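K.L.:
Give the three-dimensional model of this entry:
(2 chains)
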Protein chains: 2
Amino acid sequence: MSKEITARSQDYSQWYNDLVIKGALADYSAVRGCMVIKPYGFALWEKMRDTIDKMFKDTGHVNAYFPLFVPKSFLEKEEGHAEGFAKECAVVTHYRLKADPDKKGTLMVDPDSKLEEELIVRPTSEAIIWHTYKSWIQSYRDLPLLVNQWANVVRWEMRTRLFLRTSEFLWQEGHTAHATADEALEETLRMLDVYADFAENWMALPVIKGVKSANERFAGAVDTYCIEALMQDGKALQAGTSHFLGQNFARAFDVQFLSKENKQEYVWATSWGVSTRLVGALVMAHGDDDGLILPPRIAPVQVVIVPIYKGSDQKLLIDGKVGELLKQLRSSGVAVKYDDNDNNRPGWKFAEYEMKGVPLRIAIGARDIENNTVEIARRDTKEKTTVSMDGLSERIARLLEEIQQSMYNKAKAYRDEHITPADDWDEFVNILNEKGGFILAHWDGTVETEQKIKELTKATIRCIPLDGEKEAGKCILTGKPSSQRVLFAQAY
Amino acid sequence: MSKEITARSQDYSQWYNDLVIKGALADYSAVRGCMVIKPYGFALWEKMRDTIDKMFKDTGHVNAYFPLFVPKSFLEKEEGHAEGFAKECAVVTHYRLKADPDKKGTLMVDPDSKLEEELIVRPTSEAIIWHTYKSWIQSYRDLPLLVNQWANVVRWEMRTRLFLRTSEFLWQEGHTAHATADEALEETLRMLDVYADFAENWMALPVIKGVKSANERFAGAVDTYCIEALMQDGKALQAGTSHFLGQNFARAFDVQFLSKENKQEYVWATSWGVSTRLVGALVMAHGDDDGLILPPRIAPVQVVIVPIYKGSDQKLLIDGKVGELLKQLRSSGVAVKYDDNDNNRPGWKFAEYEMKGVPLRIAIGARDIENNTVEIARRDTKEKTTVSMDGLSERIARLLEEIQQSMYNKAKAYRDEHITPADDWDEFVNILNEKGGFILAHWDGTVETEQKIKELTKATIRCIPLDGEKEAGKCILTGKPSSQRVLFAQAY
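P.N.:
Numbers count the residues shown, from 1 in each chain, chains lettered A, B, ... in the order given. Have a look, this model is predicted:
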């Protein structure tokens, strides 16, 4: 099975597709740019979603649901927002089909069902939500409003890649309303921290927190904050964004509130989101040439047990031992699967669960029953050990935590090795071509320079790191003065 | 606050809207036919969804996600299906907007972005899913396929009502594939039982299981099974459907499998769904003229505690006592809210939580602290009792179960009183006009008679009850022979 996966060294992009498709995470669909998320991929997304959802609720947020459609005129109201999304949206123009009189058995759009105003399938929901907030917010007592929604959104993409860039994707979008700029900014950064916490402690994915340059800002935002991760091919991936929207949407939709000081003021806003793109990040950050490697904390199956036997007598003995173990593991909350399917041989199963990235595999045979042992194999390091069945469930719990930590450490070591300072243009280009990864370099702060660097190298400013030190220097392209290094990389 | 609700006796339909809007479940949106599900309503839906989702997983199902869009040609493939849905669907015809050159600041559909083939926003997903299953199913080893998806769907409705009938709604749709007709039928009925179990034991809503007449069948199904509930105005509401699809979709999308006997055969299918409509059913089945009444097992807030005090000394004492209680209740899994918001008076809070249907309200004042008591008020019966704080959390747990059971009993008594046999036409019409509810009557089994009865009385055949006894009789309209009574009612 593992032979079918393209090696990373040979074709990284094909390797990624192989993992997604052969790992049974997702498939291309018959609808251009849309994917089918398969049961195993969806179980992974559910674990991620439920974890994030709990983090939102623990920080005081509630869920709601807003319409799929945004009237065209709503999109127009915030100018930057409209420009950002107009070019890539699915437009509903009619509400009925009818039998085609010229072609028996086929349907045509009924021209009599043309909508007076076109509806846009939401590319994001600021417009429809801020229209709604107008009726929810009257006074400072109604604030803050801390609302999130889990939804599908559509952004028409010409070039798509499973999970990383699809026309339809699943995400959450938080939309909060506040009485002051300070509060809104605090919320923006709080949610950035939530995302970083999730990425690092659940996905085992180290991230750099920063703020975007004007060029990379969300359409309609005053400032966009982000977390940036590094993939194994040295390219960066934006894993989540949190926007400080200022009063832009409140002005566009005329949402004012009566302040404690009895004044009418415009409301301050934030929005923030992560999407099924995170699944792509997970695949690319941790996988190897044998398949997926999933961090234990979000793996749909954490442990798989494979029996190795001849005849039903051996099978019965093994079933008995495994039964006890399953009970222990499940009662301590471990997601365990006992694969005793007769149709497949153990070797096939080993390859299958390696492909699917199950963190721990336990093999148990007749000899093991005699010796009171099992063989444990770690997916991340491929280490195999034969251990006693005594205290096995505690050992497994410890091992899962160890794998989680070790995957993070490995990803962090790789990431840290791939943050390289560059002090002039040649060095910059050299690092990009030879080593890849993040480059810390001075930039003169202008959109023009950023654009020029992008044209020349495909590298963009991923962010201005929040924990970056102030340091006088010269822009690598123009030589103009700069006060802080920013983070460059080629990116997904 | 309760004064603002229209009485049921005055205008049932307005009463319903008042409960939904003033109970903060949902709101009309700016998009025709679509609603905004507000945080409280969404929390209720989340509890329902999570419960149902667990029931699906416990019966061996997995979740997945399929595209929002269905290509027009896919919809055409199953003839009955196409006819059923063509007249009410949102059609995407373009994928881009551009600045309108004639009107500064506005956007227009870019005519150059016309799609070669129109995309339909899914009204249901049989077509796109069975297209996908073609590549997932080769042999009997791939069966059964037990997949569910939670999704939004759009059916263009001219007359909409919050939750009951909206153009966009949230639902789950199960789509299973089987090797034999028997297995598929067994699955169809298993899921009908799951729905009935959920309705009765979580929603406290008694239902009648039955099969639809040909006229009311799902477009593309061989047989549609349903659960039917009764609302307080004597009208029926279909609360869930489970379809036996035969080989219709397998033939339409050419999904065959190699059987154990080494033959190519078409796959057998089922589909089944419940939607946010259930929230509407909940409101109408249990509410009263003071607001919602939510069954404890799915209430987002099961217990609310309201402090009654003068000055911060009293407040501190109460906080201390309540703190202990909160801890006990939360540790035993009770969803409890302590509303010590200073902005509102106790009386306002009482009315507010009555409106929102919180099953139990606990009031605690300075006198209670002295006496080691609290006042408990049941939302369903409005009974108030002063009880000791000793053993309070156990008492609350018992009370919540008692309310759940008592709500079911009450709804069942009402429903049972409103199942009336009718033996001739006059009796039938009389019961419909005077009493409402379900009517058990003989029917000659033809579509024509069913249509005629509907035209004359607005009553439809809700179902042919699964547990109905065979009994010879004569059709109430035509006098032709019949072997079983069927269930008539006017319905939502």
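
K.L.:
Who are the contact partners of the closest residue to A:G23 other than its chain neighbours?
P.N.:
Excluding the flanking residues, the one nearest A:G23 by C-beta to C-beta, 6 or more residues apart in numbering or on different chains is A:L292, at 4.5 Å. In this view, the C-beta of every residue, glycine as well, is placed from N, C-alpha and C. Neighbouring residues of A:L292 by C-beta atoms under 8 Å, 6 or more residues apart in numbering or on different chains: A:19, A:23, A:25, A:283, A:286, A:355-357.

K.L.:
Got phi/psi on A:L292?
P.N.:
Reported as degrees, to the nearest 10, the phi and psi values for A:L292 are phi -70, psi 150.

K.L.:
now it: how far from A:S275?
P.N.:
Applying C-beta to C-beta, to the nearest Å, the value for A:L292 to A:S275 is 19 Å.

K.L.:
Show me what the lowest-mean-pLDDT helix or strand in chain A is packed up against.
P.N.:
When the helices and strands of chain A are scored by mean pLDDT, DSSP states H and E, helix A:79-85 comes last with a mean of 85. For helix A:79-85, the elements it packs on are helix A:72-76, helix A:248-252, judged by 3 or more C-beta pairs under 8 Å, 6 or more residues apart in numbering or on different chains; DSSP states H and E.

K.L.:
Looking at these, which is nearest to B:L205?
P.N.:
For B:L205, the closest of those is helix A:72-76, at 37.4 Å, according to C-beta to C-beta.

K.L.:
and the closest one, what's its mean pLDDT?
P.N.:
For helix A:72-76, mean pLDDT is 93.

K.L.:
Report the residue spans of the stretch 1-150 of chain A with pLDDT below the cut-off.
P.N.:
For the stretch 1-150 of chain A, the stretches with pLDDT under 70 are A:1-3.

K.L.:
any idea where the helices of chain A begin and end?
P.N.:
A:12-22, A:39-58, A:72-76, A:79-85, A:126-136, A:181-201, A:248-252, A:277-286, A:311-331, A:346-355, A:366-371, A:392-417, A:425-434, A:447-457 (DSSP state H).

K.L.:
Please compute how far the fifth one lies from its chain's middle.
P.N.:
What separates the centre of helix A:126-136 from the centre of its chain is 26 Å, taken as C-alpha atoms, centre = their mean, to the nearest Å.

K.L.:
Okay, buried residues for that helix please.
P.N.:
For helix A:126-136, the neighbour count (16 or more other C-beta atoms under 10 Å in any protein chain shown) marks A:126-133, A:136 as buried.

K.L.:
Between the residues you listed, which sits nearest A:L440?
P.N.:
A:E126 (32.8 Å).

K.L.:
ok, that closest one - contacts?
P.N.:
A:78, A:81, A:175, A:220, A:245, A:249, A:271.

K.L.:
Same check on A:P421?
P.N.:
So A:P421 contacts A:439-441, A:485 (C-beta under 8 Å, 6+ apart).

K.L.:
which one of the buried residues of helix A:126-136 sits closest to A:K435?
P.N.:
Of these, the one sitting nearest to A:K435 (C-beta to C-beta) turns out to be A:E126, at 38.9 Å.

K.L.:
and the gap between that closest one and A:G60?
P.N.:
When A:E126 is compared with A:G60 (using C-beta to C-beta), they lie 21 Å apart.

K.L.:
what's the answer for A:I208, then?
P.N.:
26 Å.

K.L.:
So what's the residue count around whichever residue of the stretch 251-400 of chain A sits closest to chain B?
P.N.:
In the stretch 251-400 of chain A, no residue comes nearer to chain B than A:N343, which is 6.1 Å away by C-beta to the nearest C-beta. Other residues near A:N343 number 6, with proximity taken as other C-beta atoms under 10 Å in any protein chain shown.

K.L.:
for it, what are its contacts?
P.N.:
B:R141.

K.L.:
The same query, at a cut-off of 6 Å, please.
P.N.:
Taking C-beta atoms under 6 Å, 6 or more residues apart in numbering or on different chains as the contact definition, A:N343 lies against nothing.

K.L.:
A:A441 too?
P.N.:
A:A441 neighbours (C-beta under 6 Å, 6+ apart): A:422, A:428, A:476, A:485, A:488.

K.L.:
Without its sequence neighbours, what residue ends up closest to the first one?
P.N.:
Beyond its immediate neighbours in the sequence, the residue positioned closest to A:A422 (C-beta to C-beta, 6+ apart) is A:F428, lying 4.1 Å away.

K.L.:
will you turn the contacts of A:E126 into TSV that also has distance to B:R141?
P.N.:
Below are those laid out as TSV (distance: C-beta to C-beta, whole Å):
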residue	distance to B:R141
A:E78	54
A:H81	50
A:H175	46
A:G220	51
A:L245	52
A:F249	53
A:S271	46
